[in-house]
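Novice: please find the sequence and the predicted model below.
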Amino acid sequence: MSVVQNSQDAAGESFDLIAHDLLALKGVTSYGALVRLIAEVRVSRGVQPGAAIPARSTVYDVMRPGRTRMDSGLVKDIVLALGADEAEAERWVDRCARAHASHPARQAPQGETTALLASSTALPRLQAELRERSFVALAPVPTMLLLLGCVSLNVLGNVFVRLFGLPVYLDMVGTAVAAIALGPWYGAAVAVGTNLSGTPYGDHDFLFAFVGVAGALVWGYGVTLCAAAQNLLRFCALNLVVAAVCTLVAAPILLLAHGGANGAGQAHMTGSLVEAGIPLVGAVFSTNIVTSVLDKLLTGFLALLTFVLLYSRAGIRFPGVPFVAGLGHTELALSPASPART
């Protein structure tokens, strides 16, 4: 690799020279794409997907001049992500070691964390670190605000559907957000809270809370135990599984408590199938699975949009949905007001 050979022939080694060569090696690759490539390298090495994604600001920072230290492990992952082999990557690690050795007085002391807290530059750096953590790792108050926001999303979605007479539900967007971002039982709590606080309709039935809980558990455990949201295709498949499970729970409730349908649109579809000779049980399941698939795919898209907005605007990471980082960087790059455009 020419940049390494040129630097190795140079007298001495410096962090600025390494940063310059890394930037040249990156070329036209965007920082968002580079973050995704680094995550793939780390996952292939056995790192958990949620911990494999570096902060975009950290990757950018490695390539700017004026550094007094450099993470050789990150440098190695960067060059591997950009196509280097192990031997070439190790030469970059050696360069970092020589740069550290040539600047011993500038290396951070062992008690760096304490010193940073006492320094005037500590607060911005700590704020940047907090923005890169997942929401659930933060204090309980933001978590409660997110849960309340999720309940509000569910209620507003259902109001919107009823207002325009849409053939979907949209009353589980907040449930999906909470289950994926915080965990399955947080999502279940949002589902129950929605049924307790968002019931301004005469035809409301608390039994449908079980549908929301079932969806929350599939979303939450699908992400945490099955890594079912590692890319967009798997995320779509997860939403289809949620649709099927919700139908299995909702259809018996519709049959036993609502005569097979709940709402004019669903009643019309079910009635048409019955008139065509399909038994009521089959008609109810058929109608519900069609509407549930449409609803859960749309719900998943809106939840994903929520994650992207939270990541791009507040820097909140969602380890269970690692591809959100790439989408968030794309959104930032398209924003004319974003200082992070490259």
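Specialist: That came through fine. Numbers count the residues shown, from 1 in each chain.
Novice: which strands or helices does the host helix or strand of Ala250 pack on?
Specialist: Using DSSP states H and E, Ala250 falls within helix 232-257. Applying 3 or more CB pairs under 8 Å, 6 or more residues apart in numbering; DSSP states H and E, we find helix 232-257 packed against helix 209-224, helix 280-314. Heads up, the C-betas are built off the backbone N, CA and C, glycines and all.
Novice: how about the CA coordinates for the shortest one, as CSV?
Specialist: This points to helix 209-224. Below are the C-alpha coordinates for helix 209-224, written out as CSV (Å, rounded to 0.1, in the frame of the first residue of the first chain):
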residue,chain,number,x,y,z
ALA,A,209,-53.8,-5.3,25.0
PHE,A,210,-52.7,-8.9,24.7
VAL,A,211,-52.1,-8.3,21.0
GLY,A,212,-49.8,-5.4,21.8
VAL,A,213,-48.0,-7.4,24.4
ALA,A,214,-47.5,-10.3,22.0
GLY,A,215,-46.1,-7.9,19.4
ALA,A,216,-43.8,-6.3,21.9
LEU,A,217,-42.3,-9.6,23.0
VAL,A,218,-41.6,-10.7,19.4
TRP,A,219,-40.0,-7.4,18.5
GLY,A,220,-38.0,-7.2,21.7
TYR,A,221,-36.8,-10.8,21.9
GLY,A,222,-36.4,-11.0,18.2
VAL,A,223,-33.8,-8.2,18.4
THR,A,224,-32.1,-9.2,21.6
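Novice: what does it contact?
Specialist: With contact meaning CB atoms under 8 Å, 6 or more residues apart in numbering, helix 209-224 is reached by 154, 171-172, 175-176, 178-180, 183-188, 190-192, 194-195, 228-229, 238, 241-242, 245-246, 248-250, 253, 296, 320-321.
Novice: now the residues you listed: which count as buried?
Specialist: 154, 171-172, 175-176, 178-180, 183-184, 186-188, 190-192, 194-195, 228-229, 238, 241-242, 245-246, 249-250, 253, 296, 320-321 (16 or more other CB atoms under 10 Å).
Novice: now intersect the residues you listed with the strands, please.
Specialist: Using DSSP state E to define strands, no part of the buried ones among the contacts of helix 209-224 is located there.
Novice: tell me which of the residues you listed fall in helices.
Specialist: The helices, defined by DSSP state H, take in 154, 175-176, 178-180, 184, 186-188, 190-192, 194-195, 238, 241-242, 245-246, 249-250, 253, 296 from these.
Novice: follow the chain on from the helix holding Ala250 and name the next helix or strand.
Specialist: helix 264-275.
Novice: tell me what that next one is packed against?
Specialist: Counting by 3+ CB pairs under 8 Å, 6+ apart, helix 264-275 packs on helix 280-314.
Novice: now do the buried residues in the helix it packs on.
Specialist: 283-289, 291-293, 295-300, 302-304, 306-308, 310-312.
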